[in-house]
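Novice: let's see this in three dimensions:
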Amino acid sequence: MENDDGNDSVGSLAKGWGSSLSRSFETGGRFFRGEYDQKWDVVSPMTQHVIRDRVSSPVSIRRQRSRSFNDYIDRVADESTFLIPPTIDDMAQDLGHPESESPPVPSPPKVEEEESSNPAWICILYGLINATIVLPVVMSFGNIIYQNDAFQPYMPVLIKLTLVSGVVHQICFSSFSSLKFTVGSVQDAGLIFLSAMATDMVDYCRAHSLDDETMLATVTISLGICAATLGFGLIIVGRLRLAGYVQLLPTCVIAGYLAYIGWFCGKSGLALMAGGKLSIPVIIDKFKFIIPGVVGGFFIYFSVRTLKHVAVLPLTIVILLLGFYSSLALTGSSIAQATQDGWVRESDPAPVWYRTWDYLQFDKVEWSVLPTLLLSEVSMIFVVALSSSLDVAAIELELKRPLDYNRELTVVGISNVISGLTGGYTGSYIFSQSIFTLRAGIRERLAGFVLAFCQIVVIVIPFPILAYVPNFFYGSLLLMICIDLVYEWLWEFRENVTRAEYIIGLSTFCLIQVLDVEYGILAGVATYALCRQLGIDVGEPKMATIETEGTPPSSSDATPSNIAI
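Specialist: Residues are numbered from 1 along each chain as shown. I've put the predicted structure just below:
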């Protein structure tokens, strides 16, 4: 009997390992065969359209959904509440059948349990894949934040600060989020505010004849304080369960803002390649430096959109770099000569990694500049909270089960507090990579920690990456994001909304150009409110969903209160 029990135990263990290996090889095979393109289209490095299969879902999302980081609006029938499928007893009663004769009801689509485990090598593989996509984009975002010419000699250290922020965000999301597969990093929603703040502080320091040391201390510490303050604001919103109110910003106004993000990324990419502020004479004079980035941007965009495989983006990045170094080899040039000619940005040598925070000198900060950032800070809190809620909405739709927005918003807040205290910047979920990891079947936090480790490796390497990467490489990524966002929110957007909403979206985009981000968004909201008061069709009003403490949105124990705006 003991031998039989031992044989049964060994057999069960072997069967378990066999099943696990089978799932692992099946997952890896599906990736390398490119079977994911049947489910989704990758449109840009960290932004994509999710093409959903036409299947019925047991949950109707409670509002018209728009996703940050360039996603289209996905309308659903009921925008007010979650609808839970009726039970068999309810249907039997409605049809007049006794309980025993109730007709069969199709079961909802089965959602794979999040707790199912994955082999370590699969998690490491997908962590590395996400790193090839996230790392270049995060570095290009650092170029946007510090696009002012005053920062050019100090970019190696400032880019490392951006990567440190990415590490902090990813570790926080992998540690605290209820979604083990999530990817998080420095995000686009707060970039415009951070860049504008940095430029304003440079102008302030220049106007008061302050040296570069004071300027760098003022900018880096002030941006960190702004990120931490934003984090505390998000924690308050989450703890008071106010996420439903944050989502009331009209979709058409969001569209105008997202289009402006794309426009801003495009302008930043062109300025980066031109080596200064944009103007017609500068573009003509620097045309040979700009045209490779423009071609590269369109090349990445159409390659990823056409081939629809997650491996396409890393391959296009490699092709751009190989093309650059091949041209150097064919012309007999060196990287030093390319830097002197203007193809690569000149910068000071990067210090060892533990000197990354040398610019953060509190005794050098010009504290009088902080009050001038107040309006931008308040606007950034609202916009990032909204963007994070939309990211959670996208993940929620893919999971086919409701998520606690307030809890996830609190996690984003904690991440931003820690990022700000370590000299970093605002960030949130990168929902596109999160969905990719989810669909790959990853249910372990290890994949996120591998992504963070890859960023740490780039931070500690003893040479500046910027000294070996051409300007048009980052320009290509930024222009690709520009093409994607502008086309999505200034053109395709019209197919999902009323004519009046589309016009308000265009108007918001133009108003932001004229009035800057904060006042442009307020003007867009005012335009929307005026049109609604005049009886113009601007779509259905959004609903504020108030959730009780400790109760998930779909719980039958609590009925959410909905307030129409």
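
Novice: contacting residues around V411?
Specialist: Counting by Cβ atoms under 8 Å, 6 or more residues apart in numbering, V411 touches 172-173, 176-177. Using the backbone N, CA and C atoms, a C-beta is placed for each residue, glycine as well.

Novice: is it true that it lies in a helix?
Specialist: Yes. Counting by DSSP: H, G, I helix; E, B strand; the rest coil, V411 is part of a helix.

Novice: which pLDDT value belongs to it?
Specialist: Model confidence at V411, given as pLDDT, is 93.

Novice: what of G166?
Specialist: For G166, the model assigns a pLDDT of 93.

Novice: give me the number of residues near it?
Specialist: 33 (other Cβ atoms under 10 Å).

Novice: what's the average pLDDT for the one helix or strand E377 maps to?
Specialist: Using DSSP states H and E, E377 sits in helix 374-399. Throughout helix 374-399, pLDDT has a mean value of 80.

Novice: gap between that helix and the chain center?
Specialist: 10 Å (Cα atoms, centre = their mean, to the nearest Å).

Novice: need the contact list for C252.
Specialist: Here C252 is in contact with 497, 501-502, 504-505, 508, 524, 528, 538-539 (criterion: Cβ under 8 Å, 6+ apart).

Novice: pLDDT score assigned to the closest residue to T410 other than its chain neighbours?
Specialist: In this structure, T410 finds its nearest non-sequential neighbour in G238, 3.3 Å apart by Cβ to Cβ, 6 or more residues apart in numbering. Note for G238: predicted pLDDT of 89.

Novice: tell me the contacts of G238?
Specialist: Counting by Cβ under 8 Å, 6+ apart, G238 makes contact with 406-410, 413.

Novice: give me that answer again for 10 Å
Specialist: 246, 385, 388, 404-414 (Cβ atoms under 10 Å, 6 or more residues apart in numbering).

Novice: G127: which of the residues you listed is nearest?
Specialist: Ranked by distance to G127 (Cβ to Cβ), the contacts of G238 are led by V411 at 19.4 Å.

Novice: and the gap between that closest one and F472?
Specialist: Using Cβ to Cβ, to the nearest Å, V411 is found at 37 Å from F472.

Novice: same question for D211.
Specialist: On the measure of Cβ to Cβ, D211 and F472 end up 32 Å apart.

Novice: same drill for the two, tell me which one is more crowded.
Specialist: The neighbour comparison of D211 against F472 (other Cβ under 10 Å) goes to F472, with 26 against 10.

Novice: any idea which element the more buried one lies in?
Specialist: Going by DSSP H and E, F472 is in helix 471-490.

Novice: next secondary structure after that helix?
Specialist: helix 499-533.

Novice: tell me how far stretch 458-474 is from the chain's mean position?
Specialist: 22 Å.

Novice: send the alpha carbons of that stretch over as CSV?
Specialist: The C-alpha trace of stretch 458-474 is given here as CSV (Å, rounded to 0.1, in the frame of the first residue of the first chain):
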residue,chain,number,x,y,z
VAL,A,458,21.1,50.6,-18.6
ILE,A,459,21.5,53.0,-15.6
VAL,A,460,24.7,51.4,-14.2
ILE,A,461,26.6,50.9,-17.5
PRO,A,462,29.7,53.0,-17.3
PHE,A,463,29.2,54.9,-20.6
PRO,A,464,26.5,57.3,-21.9
ILE,A,465,24.1,55.6,-24.3
LEU,A,466,23.3,59.0,-25.9
ALA,A,467,26.9,59.2,-27.2
TYR,A,468,26.2,56.2,-29.4
VAL,A,469,22.6,56.7,-30.5
PRO,A,470,21.8,59.2,-33.4
ASN,A,471,19.3,62.0,-32.8
PHE,A,472,17.1,60.7,-35.6
PHE,A,473,16.6,57.5,-33.7
TYR,A,474,14.7,59.3,-30.9
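
Novice: tally of neighbours for G505?
Specialist: Burial of G505 is recorded as 27 neighbouring residues (other Cβ under 10 Å).

Novice: from L390, how far out is it?
Specialist: 15 Å.

Novice: which residues touch the closest residue to V253 other than its chain neighbours?
Specialist: Using Cβ to Cβ, 6+ apart and skipping residues adjacent in sequence, the residue nearest V253 is G524, 4.1 Å away. Neighbouring residues of G524 by Cβ under 10 Å, 6+ apart: 249-250, 252-257, 504-505, 507-512, 515.

Novice: ok, G524 to I536 distance?
Specialist: Taken as Cβ to Cβ, the span from G524 to I536 is 15 Å.

Novice: with V134 instead?
Specialist: Counting by Cβ to Cβ, the gap from V134 to I536 is 42 Å.

Novice: tell me which of these two has more neighbours.
Specialist: Between V134 and I536, counted using other Cβ under 10 Å, the more crowded position is V134 (23 against 15).

Novice: make sure that one is indeed in a helix.
Specialist: Yes. The assignment for V134 is a helix, going by three-state DSSP.

Novice: need the contact list for it.
Specialist: V134 sits next to 45-46, 166, 170, 183-186, 430, 433, 451, 454-455 when contact means Cβ under 10 Å, 6+ apart.

Novice: apply 7 Å and report the result again.
Specialist: By Cβ atoms under 7 Å, 6 or more residues apart in numbering, the contact set of V134 is 46, 183, 185, 430, 433, 451.
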